[in-house]
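A.B. asks: just a sequence and a predicted model for now, questions to come.
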Number of protein chains: 2
Amino acid sequence: MAMQHTPLLMSALIERGARVAPNEEIVTATANGTRRQSYRETRARAHQLAHALADAGIGVGDVVGTFMWNGSRHLEAYHACAGMGAVLHTLNIRLGTKDLEYIVNHAGDRVIIADADVLPLLEPLKDVMPTVERVVVATEDGFEGWSTSLPRAVDYEAFIAGRPTRYEWPEIDENSPLGLCYTSGTTGDPKGVEYEHRSQYLHTLTECLADSMGLSGADTVLGIVPMFHAMGWGIPWAALMLGCKQVMPHRFMDPARLLDLLVSERVTISAGVPTIWQGVKAAVEANPDAYDLSALERLTCGGSAPPPSLIRWYWDALGVEMVQGWGMTETSPLATLSRRVMKRSQLSISEDEQFENVAKAGQLMPGLELDIFDDDFNRLPHDGESVGEILIRGPWICSEYYRNPQPDKFHDGWLITGDVGKIDPEEYLIISDRSKDLVKSGGEWISSVDLENHIVALDGVAQACVVAQPHPRWDERPVALVVPDPGRQVSAEAILAHCATAFAKWQLPDDVLYVDSIPLTSTGKMDKKVVRAHLADQEYVLPDLRKLADSG
Amino acid sequence: MAMQHTPLLMSALIERGARVAPNEEIVTATANGTRRQSYRETRARAHQLAHALADAGIGVGDVVGTFMWNGSRHLEAYHACAGMGAVLHTLNIRLGTKDLEYIVNHAGDRVIIADADVLPLLEPLKDVMPTVERVVVATEDGFEGWSTSLPRAVDYEAFIAGRPTRYEWPEIDENSPLGLCYTSGTTGDPKGVEYEHRSQYLHTLTECLADSMGLSGADTVLGIVPMFHAMGWGIPWAALMLGCKQVMPHRFMDPARLLDLLVSERVTISAGVPTIWQGVKAAVEANPDAYDLSALERLTCGGSAPPPSLIRWYWDALGVEMVQGWGMTETSPLATLSRRVMKRSQLSISEDEQFENVAKAGQLMPGLELDIFDDDFNRLPHDGESVGEILIRGPWICSEYYRNPQPDKFHDGWLITGDVGKIDPEEYLIISDRSKDLVKSGGEWISSVDLENHIVALDGVAQACVVAQPHPRWDERPVALVVPDPGRQVSAEAILAHCATAFAKWQLPDDVLYVDSIPLTSTGKMDKKVVRAHLADQEYVLPDLRKLADSG
């Protein structure tokens, strides 16, 4: 051994912010303003939480669920779990009861830390999550009077109070699990991606490269992307490492409140899905002189592709650079990224050309391999024309799903992303079609297959096909095409009521269309590309847009 | 396994530049101008070199020496060796014959790639380097007529000509050796530091963090620090990864030529020792309107601490940010780094305070541990007052020396750096004393112990002590204090002539002083601190500065 082989553990990164910037702030939005604490306090509280979890029986490898908004206590849970070697399982608070039940049990959560305001969403699970020994309730202003039927509930502050402020983080193997995040896939059950210390360590460094997000300790970061989505795109880890000022919106996700935070905290960089930036844009346009956004420098946009017009508006109106990233839960998530200027040759092209590049998924991050392949896994040329399945490989890419390996999602060590795209001669990845069977609504995935499986279970339904339809606010909304059993009729109301028993309200189809048959591919699968093309030919418009169209 | 465990190999990073920026340039200074080639060509030639080396019997783990200036062919050697798994051993062309002989044999170089202009420096070794099977000669304009007595010499271009331009890089273990770099230590023999793929991979990413050097693909980089010093501070690797335009000065290191390159190639970032920047400053001051340095943004300065006045001059006169880095061969080398603004709290301090910080060694890079310790290895407070031995630990820090472990240089898994310093409450490292027994001249180490050992071997010399004395151009120059044997006299001429048989000219002491005794520490070692203090009390001035002082 010639060089030290110290393990790549998150504990080696996350203490640094509190060390170099102990007085820097973590700001959490509250009902009446903000709650503020320093990095020094945050670190001390994270160590206290680790002691409390250890006393509750949590050791290396045990799973701790969080059911929380972005806030300082969620950040403490990140810090504590990573440090002590527990597995941070970020539960998506927007999931329906059925999915939550599956995920909590599949992961085997032993403790769940939940924000008090979303506690009611967990209540229906009280008798169906036997592994959960206790629930820790993070209480914000206005929710002090919470009560629950969940097991051994304790207030977060009482849980950590009086604990030692220093926990000796264990030196564990760098490939130990760090976190769990479930993604709604094309098959029925959500699939878990298990992040490891080494993978997230490398991802964190990559995010802070000058040619990536370029995060700096001088930044003030507003992470809008939920911390239950692919570890908040890694921003909480990067900020802990660098000691950035962090601003966390908690449950206050409306454009007015976000703008208030952007302005009053002098945020320099923020991150969220296009829907968020559409909303902020509309609010600014409605009241152009109301907001001093002079501190804001860049917005990282991911989850789905931002429209070029949106990218351009932020630059022209506000001088703000939108940075586009592409990836998925399985890729930690950062895989490709696009900035206005990422290489010297781009200094001398026109601004229009620069923004054409930003509208692409971007350039591959160092250390990853990515290519497009035909159906027989032959590589396709990078000519900006050839469209193929995107496969990716590298040290922060998923190699199998948690307790459900799904080898058909992998090929020869590569992840089959499910996205299809092309690569241009400048090596930009361009996503042609997003994952074929998923609907992306407001930054959240809806599994069409899940809906279909549920609908066909209803008496009188022969076949169901759910496809995405474009929506200006939500990006996409699901529409169900239904083939009734011969001689039977099933009302749209009945179908939606049936769906509502298993899915969240926002996951329900916007429309139910009755058809005689569903077109199939040569291999017997439903050909959704043809279905979508038929709808386009018929100039189909979603119900809530028809009024708009009629009045237009 | 939940995430892919693809190894952290340099081959995963170094192909990226040619992929994303195939037409970007590698510019090498020549006698009459520049020689230019694209990243596409450079990559192809590196793969050809790998094929040629493989044909010459070089496989994974075999050592390839380079004896070269910074130039495109040296970069190709970096690329080829890293890709094929050979060990790149960068020989310091400024070493004396005795050290070179030791190092070539100790490392077991099998092939040496040498620049034609420095070939004569290798000639004396022709019969004393039995492991070297052949020498590949890189020929620049004006040196086409080289001849040599070295074994099986071949011109570099003939060596690679006609080889395939694609070599399938093997997937080796990430802890495989990548490179060897020898450092002149305080003991007699130079010590080898063996870099590994994983260590350099992490170092490369770290160098490109926004809060580190912040290298970007949009940069034009002039790496002045020799590629035989700690892998050119990692800049060649980072540039290959990002696809930066690279400008390489080759043997043209005078300020006039460097300025010519800075101006004509519109360099944005450069890196070198303070001596270089002193020289460039003097040339600019002598001719203030001659140079358009408007493209230049930042200078990375390392090797020894730049004077605060120099840092300030570059900012005030040119608007150029000097970035200070601290490290050593054993730390790959980047350990701490200081920029004008690295955290948010520094945005609101005065420019004077910002530059006080830049004059410090800097903030610890993420993923490393560093602290100051007393003689019993107790940690000292970070109060900006307590001075202690600097120890460092992390994944790109040396764990032992090559084939010469020297366990006394390590403690409990930490490297004992040999430097002493303090840490202030803002977590800035401040070097109080550089390594106690080394002389740093023009960015190069001179081992005082080596000189001492050699001088005392001369008949008539009882004791010798070599200490550094300050020099405005070279930083430091060595001075020898000699205690003659009783009743004997040894002339300074004889001592210097004796040194010249083993050391390079620039390594020879500038002065020989005769003393009756050398002060000793309590543990019986020569107390050089006291020796230097005596010289200071006597207002000692180096010989070549006396004329200046007399005329002043």
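C.D. replies: Nice, I can see it.
A.B. asks: what does the closest residue to residue A:109 other than its chain neighbours show for phi and psi?
C.D. replies: Leaving aside its sequence neighbours, residue A:109 sits nearest to residue A:65 (C-beta to C-beta, 6 or more residues apart in numbering or on different chains; 3.7 Å). (Glycine included, C-beta is placed from N, CA and C.) Main-chain torsions, residue A:65, degrees, to the nearest 10: phi -80, psi 150.
A.B. asks: any idea how far residue A:65 lies from residue A:157?
C.D. replies: 19 Å (C-beta to C-beta, to the nearest Å).
A.B. asks: compare these two (neighbour count), which wins?
C.D. replies: Shown here are residue A:65 and residue A:157; by other C-beta atoms under 10 Å in any protein chain shown, residue A:65 has more neighbours (30 against 13).
A.B. asks: where does residue A:532 land in three-state SS?
C.D. replies: Secondary structure, DSSP: H, G, I helix; E, B strand; the rest coil: residue A:532 is helix.
A.B. asks: thought it was touching residue A:465?
C.D. replies: No. When contacts are counted by C-beta atoms under 8 Å, residue A:532 is not listed as touching residue A:465 (10.2 Å).
A.B. asks: and these two? Which one has more around it.
C.D. replies: residue A:465 (24 against 18).
A.B. asks: and the gap between the closest residue to chain B within the stretch 401-550 of chain A and residue A:87?
C.D. replies: Closest residue of the stretch 401-550 of chain A to chain B, C-beta to the nearest C-beta: residue A:427 (4.8 Å). Per C-beta to C-beta, residue A:427 is found 36 Å from residue A:87.
A.B. asks: ok, for the residue of the stretch 401-550 of chain A closest to chain B, nearest residue in space, not its chain neighbours?
C.D. replies: residue B:20 (4.8 Å).
A.B. asks: and the one you found, how many residues sit next to it?
C.D. replies: 23.
A.B. asks: and the residue of the stretch 1-150 of chain A that's closest to chain B?
C.D. replies: Minimum separation of the stretch 1-150 of chain A from chain B (C-beta to the nearest C-beta) falls at residue A:2, amounting to 3.5 Å.
A.B. asks: what parts of the stretch 101-250 of chain A come near chain B?
C.D. replies: A:175, A:177, A:193-196, A:198-199, A:201-202, A:205-206, A:208-211, A:214-220, A:241-245 (C-beta under 8 Å from any C-beta of the partner chain).
A.B. asks: among those, which lie within strands?
C.D. replies: A:177, A:193-196, A:220, A:245 (DSSP state E).
A.B. asks: residues from the stretch 251-400 of chain A in reach of chain B?
C.D. replies: Counting by C-beta under 8 Å from any C-beta, the residues of the stretch 251-400 of chain A close to chain B are A:332, A:341-347, A:363-364, A:366-367, A:369, A:393-400.
A.B. asks: rerun at 7 Å
C.D. replies: A:341-345, A:347, A:363, A:366-367, A:393-400 (C-beta under 7 Å from any C-beta of the partner chain).
A.B. asks: whichever of the residues you listed end up buried, select them in PyMOL.
C.D. replies: Restricted to buried positions by 16 or more other C-beta atoms under 10 Å in any protein chain shown, the PyMOL selection for those reads:
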select buried, chain A and resi 341+342+343+344+345+363+366+367+393+394+395+396+397+398+399+400
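A.B. asks: which of the residues of the stretch 251-400 of chain A next to chain B fall within strands?
C.D. replies: Using DSSP E, A:363, A:393 are the members of these that sit in strands.
A.B. asks: who has more neighbours out of residue A:427 and residue A:87?
C.D. replies: When neighbours are counted by other C-beta under 10 Å, residue A:427 and residue A:87 differ, and residue A:87 comes out ahead with 26 against 19.
A.B. asks: just the ones in strands among the residues of the stretch 101-250 of chain A next to chain B now: which is nearest residue A:512?
C.D. replies: residue A:193 (32.5 Å; C-beta to C-beta).
A.B. asks: nearest the middle, which residue of chain A would you pick?
C.D. replies: Closest to where the C-alpha atoms of chain A average out (C-alpha atoms, centre = their mean) is residue A:229, at 2.7 Å.
A.B. asks: in chain A, where is pLDDT below threshold?
C.D. replies: A:184-188, A:433-437, A:521-525, A:548-552 (pLDDT under 70).
A.B. asks: before we move on, back to that, got a list of what the residue nearest to residue A:427 touches?
C.D. replies: By C-beta atoms under 7 Å, 6 or more residues apart in numbering or on different chains, the contact set of residue B:20 is A:343, A:363, A:427, B:217, B:243.
A.B. asks: using TSV, lay out these together with distance to residue A:479.
C.D. replies: As requested, the contacts of residue B:20 are arranged in TSV below (distance: C-beta to C-beta, whole Å):
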residue	distance to residue A:479
A:343	42
A:363	35
A:427	36
B:217	43
B:243	44
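A.B. asks: nearest to residue A:287, of these?
C.D. replies: Nearest to residue A:287, judged by C-beta to C-beta, of these is residue A:363 at 36.4 Å.
A.B. asks: tell me the contacts of that closest one?
C.D. replies: Per C-beta under 7 Å, 6+ apart, neighbours of residue A:363: A:336-338, A:342, A:427-428, B:20.
A.B. asks: which of those residues lies closest to residue A:225?
C.D. replies: Using C-beta to C-beta, residue A:337 is the member of these that sits closest to residue A:225, with 14.4 Å.
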